[in-house]
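Here is a sequence together with a model predicted from it:
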Protein chains: 2
Amino acid sequence: GLTAAVRATGLPAVLKTRRLGYDGKGQRVLRSEEDLDEAWEALGDRALVLEAFVPFERELSIVGVRGADGDTAFYPLVENVHERGVLVRTEAPAPGLTPALQAAAEHHAGAIMASLDYVGVLALELFQVGDRLLANEVAPRVHNSGHWSQDGAVTCQFENHVRAVAGLPLGSTAAVGHTVMVNLLGDLPPLDAVLREPLAHLHLYDKAPRPGRKIGHVNVQGADRDAVLAAAARIEAALPATAGPV
Amino acid sequence: GLTAAVRATGLPAVLKTRRLGYDGKGQRVLRSEEDLDEAWEALGDRALVLEAFVPFERELSIVGVRGADGDTAFYPLVENVHERGVLVRTEAPAPGLTPALQAAAEHHAGAIMASLDYVGVLALELFQVGDRLLANEVAPRVHNSGHWSQDGAVTCQFENHVRAVAGLPLGSTAAVGHTVMVNLLGDLPPLDAVLREPLAHLHLYDKAPRPGRKIGHVNVQGADRDAVLAAAARIEAALPATAGPV
């Protein structure tokens, strides 16, 4: 059972449901032998996957799009910050992004799309360990870590998804300046604090507030990275303290 | 009657219906005395306005927004090209725009908004004659000559209108690079010709094609004006020959 599996992966490890997990839901981090019973109790009535815990330096993701004619395009790698399994912030392009790292990520994502004969937008979440990229998750759809493209790329991921499935030419995936995407989780900040920032673009989902729920995001976009980071920090400081992941 | 009025304005002159005219509809240009009877026949059952024809150098417009708190913001002056009374192309900012011209246009538009205690977006169409600006038309709403802002300004005219009427802070009206807006009139060009252009952003209105009808527009936006103009020219070359104003 679980004990034997943990012997194979070592600890820490992550126990996940095989289906319908997202945003940290349907998973438990096993740090010591004492965590096994509780995790099994919580998840053990379903098919599960046990993964060795990867000590990564940072989380990246790449959003790609493949047209009906097999043409592909890739947005730049972005850096993601998760808190308790939920994406809270994306920076695009990822700081310190090198052409080699971008090429490696495009190679992986392109291979996945080609092997599936995939049409549309697909996101590949990656762990960076040194100059290695380890795949964490594949999302065959538009992705939260691609929302920055609405205000920070020539063509956003949503338009490129529509272009792909409609058999139209793909749009440019080039980034324009620097963008930080801040998720609005649980409850909204005072809207004035966002709308007063000239670099901020507010996106609301018309969803009722609920602890931990994604109800919107803000894209902070500009030519000057320091100004973008400073504005994003002001917006993050205005987020309700209790609204984060639960 | 009309003959006496034409004696006051001189010829050429423009005869317009007092209500519901737009896009060249409800007006006749009177170039010689022979045009009077036909124009009166066509329009004379309504209240009319006769205007002296202004020999202008170019047509400009400015879009402004005034918030519920009286705060105002103005987009840069843009240059408009009309064909047979219908806007076919806007360039933003207007080529050769000087701070003095921008200040004069903001002064006029701001005075109109203040005197009406106006809240929302308003467009002022102007004729440039030397360094003078003559008001042609006021549109108390979002305006076709402001559509470029969807892809060429930090905050577009639609969002700023909503911000204004909702009592929220106004967004930045700064232009980003250069934008040419090309109206799609009557019928669509081959969509590939637009979508293949990396600088082009296609906007469709989901309206049935009909001769002369505005059914969409394309914003060509980029940092390099020459590249923008070249792409816009390629798109204009792809427009259906018969689809223009009628």
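Perfect, thanks for sending it.

quick check: mean pLDDT across the top helix by length along chain A?
When every helix of chain A is counted residue by residue (DSSP state H), the longest turns out to be helix A:99-115. In this model, helix A:99-115 has an average pLDDT of 97.

What helices and strands are in contact with that helix?
Counting contacts by 3 or more Cβ pairs under 8 Å, 6 or more residues apart in numbering or on different chains; DSSP states H and E, the secondary-structure elements packed against helix A:99-115 are strand A:58-66, strand A:72-74, strand A:120-129, strand A:132-139. Every residue, glycine included, has its C-beta placed from N, CA and C.

Same list, those strands, but as JSON lines with distance to B:Ala135 and mean neighbour count please.
Compiled in JSON lines, those are given as follows (distance: least, Cβ to Cβ, whole Å; neighbours: other Cβ atoms under 10 Å in any protein chain shown):
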{"stretch": "strand A:58-66", "distance to B:Ala135": "47", "mean neighbour count": "24"}
{"stretch": "strand A:72-74", "distance to B:Ala135": "46", "mean neighbour count": "20"}
{"stretch": "strand A:120-129", "distance to B:Ala135": "47", "mean neighbour count": "22"}
{"stretch": "strand A:132-139", "distance to B:Ala135": "53", "mean neighbour count": "15"}
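
and of these, who's closest to chain B?
The minimum distance between chain B and the helices and strands packed on helix A:99-115 falls on strand A:72-74, with 10.5 Å, by Cβ to the nearest Cβ.

and the residue nearest the centre of chain A, what does it touch?
In chain A, the C-alpha nearest the mean C-alpha coordinate belongs to A:Ser145, at 3.7 Å (Cα atoms, centre = their mean). Under the criterion of Cβ atoms under 8 Å, 6 or more residues apart in numbering or on different chains, the contact partners of A:Ser145 comprise A:Ser61, A:Val63, A:Val78, A:Asn80, A:Leu87, A:Thr90, A:Ala123, A:Glu125, A:Met181.

How many residues are close by the fourth one?
In this case it means A:Asn80. Neighbourhood size, A:Asn80 [other Cβ atoms under 10 Å in any protein chain shown]: 21.

just A:Asp45 next, same as before
9.

Same question for A:Leu11.
Using other Cβ under 10 Å as the criterion, A:Leu11 is surrounded by 15 other residues.

shouldn't it be in contact with A:Glu34?
No - the pair A:Leu11 and A:Glu34 fails to qualify as a contact (Cβ atoms under 8 Å) at a distance of 10.5 Å.

in chain A, which spans are helices?
When assigned using DSSP H, the helices of chain A occupy the ranges A:2-9, A:35-43, A:99-115, A:149-152, A:157-165, A:191-195, A:225-238.

Take those helices and write them to JSON lines, including distance to B:Gly21 and mean neighbour count.
What follows is the helices of chain A, written out as JSON lines (distance: least, Cβ to Cβ, whole Å; neighbours: other Cβ under 10 Å):
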{"stretch": "helix A:2-9", "distance to B:Gly21": "76", "mean neighbour count": "13"}
{"stretch": "helix A:35-43", "distance to B:Gly21": "69", "mean neighbour count": "15"}
{"stretch": "helix A:99-115", "distance to B:Gly21": "53", "mean neighbour count": "16"}
{"stretch": "helix A:149-152", "distance to B:Gly21": "38", "mean neighbour count": "24"}
{"stretch": "helix A:157-165", "distance to B:Gly21": "36", "mean neighbour count": "21"}
{"stretch": "helix A:191-195", "distance to B:Gly21": "36", "mean neighbour count": "18"}
{"stretch": "helix A:225-238", "distance to B:Gly21": "45", "mean neighbour count": "16"}
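
and A:His203, which of these is closest to it?
When the helices of chain A are ranked by proximity to A:His203, the top entry is helix A:149-152, at 6.8 Å, counting by Cβ to Cβ.

what comes into contact with the closest one?
For helix A:149-152, the external contacting residues (Cβ under 8 Å, 6+ apart) are A:63, A:75, A:92, A:155-158, A:173, A:175-179, A:201, A:203, A:219, A:221.

Just the buried ones among those residues, please.
Neighbour counting with 16 or more other Cβ atoms under 10 Å in any protein chain shown marks A:63, A:75, A:92, A:155-157, A:173, A:175-179, A:201, A:219, A:221 as buried within the contacts of helix A:149-152.

Restricted to strands, list those.
In this view, those that belong to strands under DSSP state E are A:Val63, A:Ala92, A:His178, A:Thr179, A:His201, A:Asn219, A:Gln221.

one step back: and the furthest pair within the contacts of A:Ser145?
Comparing every pair within the contacts of A:Ser145 by Cβ to Cβ identifies A:Glu125 and A:Met181 as the most remote, at 14.8 Å.

quick one: contacts for A:Pro240?
A:Gly186, A:Asp187, A:Leu188, A:Pro189.

Next to chain B, which bits of chain A? Give me the list.
Those residues of chain A that sit near chain B, judged by Cβ under 8 Å from any Cβ of the partner chain, are A:154-155, A:163, A:168-169, A:171-172, A:174, A:176, A:191-192, A:195-196, A:198-199, A:201.
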